[in-house]
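Participant: 3D, please:
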Amino acid sequence: MLLEPGLTCWRTERAERAAFLLDNSTYFSAAKAVMLKARRSIHLLGWAFDPLTHLEPDSKGGGLDGDMVGEFLKRLACDRPNLDVRVLIWKSALPISASQHFFPHRARRCFHGSPVKFRLDASVPMGACHHQKVLVIDDRVAFCGGGDISVDRWDTMKHRDTDARRTMPWGKPHGPRHEVMAMLEGPVAKALGDLVRDRWAGSRDEASEAAPESDEAPAVDYWPSHVKIDFTGVEVGIARTEPGWKGRPEVREAERLHLTAIASARTLIYLENQYVTSPIYAEALAARLAEPDGPEVVVVSTARAPSWFDHMTMDRTRSEFLKYLQAADKHGRFHAYCPYTKRGTNCILVHSKVAIIDDRILRAGSTNLNNRSAGFDTEADVAVQARTAADGTAIHRFRARLVAHYLGCPPDQFEAAFGRIGTLSGAIEALDTATPRRLRPLKPTPLGPVASLIAAFHLGDPASPADSWRPWRRRVDIEFERKDFLEDLRTAARAQVIELPLAPPPAVSQPGKPDLLVL
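Facilitator: The predicted model follows:
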């Protein structure tokens, strides 16, 4: 089993029912339906949160009275005195807050004087961020994934070229966006509630009122009738990232789970992620691509980062990531794509963080495939590992639904092409024949002197608090770690066993040899 508590995950818990939701129109409506049934608690963690967000916008981009999430939560808290409503959002730096329409200040004003407990969390190293996206209702149902509740996040699976519902409250349209959120019912929701309570307790230095656990839940069927169930009675692993900071130990479960899953893949590694930059992941994937009978590797990412800062930093480093894997791809098994709308007028912002390994692992969360998500920011992911044939079938069907929604075709049509051709990229190429293409090849771009410097030192992408303000150290230690990684792979090959180097923080004063995880 790849879900190993204390190593590749924090803990595993049972989900009585689970679904993986495509795009925020599905997430927002499901979250609203469950919150309407809340009796004990609604606890939300987020990178961003805007109280003006319509949970179910109408055809003109507005919504019903009280549909804005801020007023919605205040009404629930006022109508139900025993309902504990808490919202914990990262206290972003001013430049980021400005680029995101000053959501922290708007939320603070919205909830001031109301029963809703709102807090901005600055308990991370300078330059780091709280990036977890978790919503827990009554400790019975939880959502975890890549989606924040904010005014520029809503979209449907159709990702239309134009859609009046993708309009911010002040009338400005925003582009198409892709997200994936896991919806989980049962003991795993209580575990994610524990994660929220731990964050709340650590969000201030001084003592403050603890977020309560929900007692025995009311006899309520929380599951919305319109949400299709993907899994029943399945074990779910929760993987985190936390920086070592102010006495708290470093946690790198999210990175370890990625590396373990990559090493275990037999036929297919599917990675859908906003930022694909980490040289450690590149090394792990390149090692699999070098094998004559290794797995196919398919990456889906956005064509261009939405912000100027991310375009200058992450997009530049991603070019080096792609170039490295293309050079390692001696057997033609690496393919990278970026999605576009039907008429090709807009690239779709891929904000989801999904990994699917064969028909055995399905993972969604907030963890990007960059340095900072491995050891600098806080992250939370959930993963299902197939233990039965039914679980494997469910993962298979979700993958077909996920890729088919980019192509604008029914999942059954994609599944038929995949079964006929035998590879994911082959099925994509067979079906994506329109002009313009919906999934276009994502290629590295030439880098000038400044961009090459950014990529070489991974500027804007620290791996731990130790190297956050010393990029020269980051470059040396990353190169050391890559060489160590390759040596461990050679040792594993000579021993004829499968071993996985578990990367320590790249920024250490005297780096040592990584531990080995024997699968």
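
Participant: hey, where'd the helices end up in the stretch 301-450 of the chain?
Facilitator: Listed in chain order, the helices of the stretch 301-450 of the chain (DSSP state H, counting those that start in this stretch) span 308-328, 372-375, 389-407, 411-421, 424-431, 449-457.

Participant: His351: which of those is closest?
Facilitator: His351 sits nearest to helix 308-328 of all the helices of the stretch 301-450 of the chain, at 11.3 Å, using Cβ to Cβ. C-beta here means a position set from N, CA and C on the backbone, and glycine is covered the same way.

Participant: now that closest one, how far from the chain's geometric center?
Facilitator: Relative to its chain's centre, helix 308-328 lies at 19 Å (Cα atoms, centre = their mean, to the nearest Å).

Participant: packing partners of it?
Facilitator: helix 279-289, strand 334-339, helix 449-457 (3 or more Cβ pairs under 8 Å, 6 or more residues apart in numbering; DSSP states H and E).

Participant: looking at the helices of the stretch 301-450 of the chain, which one is packed in the most?
Facilitator: Compared across the helices of the stretch 301-450 of the chain, helix 372-375 shows the largest average neighbour count, a mean of 27 (mean count of other Cβ atoms under 10 Å).

Participant: show residues contacting that helix.
Facilitator: Helix 372-375 has contacts (Cβ atoms under 8 Å, 6 or more residues apart in numbering) with 128, 131, 241, 243, 250, 252, 254-255, 275, 278, 280, 366-367, 379, 461-464, 503, 505.

Participant: now, of those, which are buried?
Facilitator: 128, 131, 241, 243, 250, 252, 254-255, 275, 278, 280, 366-367, 379, 461-464, 503, 505 (16 or more other Cβ atoms under 10 Å).

Participant: thinking again about what came up before, quick one: closest of the helices of the stretch 301-450 of the chain to Val354.
Facilitator: Judging the helices of the stretch 301-450 of the chain by Cβ to Cβ, what sits closest to Val354 is helix 389-407, at 7.2 Å.

Participant: what helices and strands are in contact with that closest one?
Facilitator: strand 11-22, strand 231-242, strand 354-357, strand 361-365, strand 379-385, helix 411-421, helix 424-431.

Participant: could you dump the ones you listed to TSV with mean pLDDT and distance to Asp121?
Facilitator: TSV is the format used below for those (pLDDT from 0 to 100; distance: least, Cβ to Cβ, whole Å):
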stretch	mean pLDDT	distance to Asp121
strand 11-22	98	22
strand 231-242	98	13
strand 354-357	98	26
strand 361-365	98	18
strand 379-385	98	14
helix 411-421	97	39
helix 424-431	98	39
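
Participant: in JSON lines, list these along with distance to Arg401.
Facilitator: Putting the helices and strands packed on helix 389-407 into JSON lines (distance: least, Cβ to Cβ, whole Å) gives the following:
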{"stretch": "strand 11-22", "distance to Arg401": "7"}
{"stretch": "strand 231-242", "distance to Arg401": "14"}
{"stretch": "strand 354-357", "distance to Arg401": "11"}
{"stretch": "strand 361-365", "distance to Arg401": "12"}
{"stretch": "strand 379-385", "distance to Arg401": "15"}
{"stretch": "helix 411-421", "distance to Arg401": "5"}
{"stretch": "helix 424-431", "distance to Arg401": "13"}
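
Participant: tell me which of those lies nearest to Ala48.
Facilitator: Here strand 379-385 is closest among the helices and strands packed on helix 389-407 (Cβ to Cβ), at 15.0 Å.

Participant: burial measure for the residue nearest to Gly365 when sequence neighbours are not counted, as a count.
Facilitator: Leaving aside its sequence neighbours, Gly365 sits nearest to Asp381 (Cβ to Cβ, 6 or more residues apart in numbering; 2.6 Å). The local packing of Asp381 (other Cβ atoms under 10 Å) involves 29 other residues.

Participant: now do Cys78
Facilitator: 13.

Participant: hang on, Val298 in a helix?
Facilitator: No: secondary structure assignment places Val298 outside any helix; it is strand (DSSP: H, G, I helix; E, B strand; the rest coil).

Participant: among the contacts of helix 372-375, name the ones in strands.
Facilitator: Counting by DSSP state E, the contacts of helix 372-375 place 241, 252, 379 in strands.

Participant: turn the residues you listed into TSV, including distance to Pro411.
Facilitator: Shown next, in TSV, are the ones in strands among the contacts of helix 372-375 (distance: Cβ to Cβ, whole Å):
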residue	distance to Pro411
Thr241	32
Arg252	35
Glu379	29
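
Participant: so what pLDDT did Ala463 get?
Facilitator: Note on Ala463: pLDDT of 82.

Participant: tell me the contacts of Leu447?
Facilitator: 316, 319-320, 455.

Participant: make it 10 Å
Facilitator: Applying Cβ atoms under 10 Å, 6 or more residues apart in numbering to Leu447 gives the contacts 316-317, 319-320, 323, 453-456.

Participant: repeat for Glu250
Facilitator: 241-244, 375-376, 464-466, 504-505.

Participant: try it again at 8 Å.
Facilitator: Contacts of Glu250 by Cβ under 8 Å, 6+ apart are 242-244, 375, 464, 505.

Participant: same question, Thr8
Facilitator: By Cβ under 8 Å, 6+ apart, the residues touching Thr8 are 2, 237, 239, 253, 256-257, 260.

Participant: just the buried ones from those?
Facilitator: Looks like these have 2, 237, 239, 253, 256-257, 260 buried, using 16+ other Cβ under 10 Å.

Participant: tell me the SS of Ala182?
Facilitator: strand.

Participant: scratch that, Glu291
Facilitator: Glu291 is classified as coil under three-state DSSP.

Participant: thinking again about what came up before, between the ones in strands among the contacts of helix 372-375, which sits nearest His335?
Facilitator: The closest of those, once distances to His335 are taken by Cβ to Cβ, is Glu379, at 26.1 Å.

Participant: quick one: that closest one and Lys246, what's the gap?
Facilitator: In this view, Glu379 and Lys246 are 18 Å apart by Cβ to Cβ, to the nearest Å.

Participant: ok, now Gln274?
Facilitator: 28 Å.

Participant: quick one: low-confidence ranges for this protein?
Facilitator: Low-confidence segments of the chain (pLDDT under 70): 65, 94-102, 205-209, 216-218, 472, 475-519.

Participant: going by distance to Phe231, which of the ones in strands among the contacts of helix 372-375 wins?
Facilitator: For the ones in strands among the contacts of helix 372-375, the nearest to Phe231 is Glu379 (22.3 Å; Cβ to Cβ).

Participant: who's in contact with the residue nearest to that closest one when sequence neighbours are not counted?
Facilitator: Leaving out its chain neighbours, the residue that sits closest to Glu379 by Cβ to Cβ, 6+ apart is Thr241, at 3.9 Å. Contacts for Thr241 (Cβ under 8 Å, 6+ apart) come out as 251-255, 367, 373-379.

Participant: hmm, try it at 6 Å
Facilitator: 254, 373, 379 (Cβ atoms under 6 Å, 6 or more residues apart in numbering).
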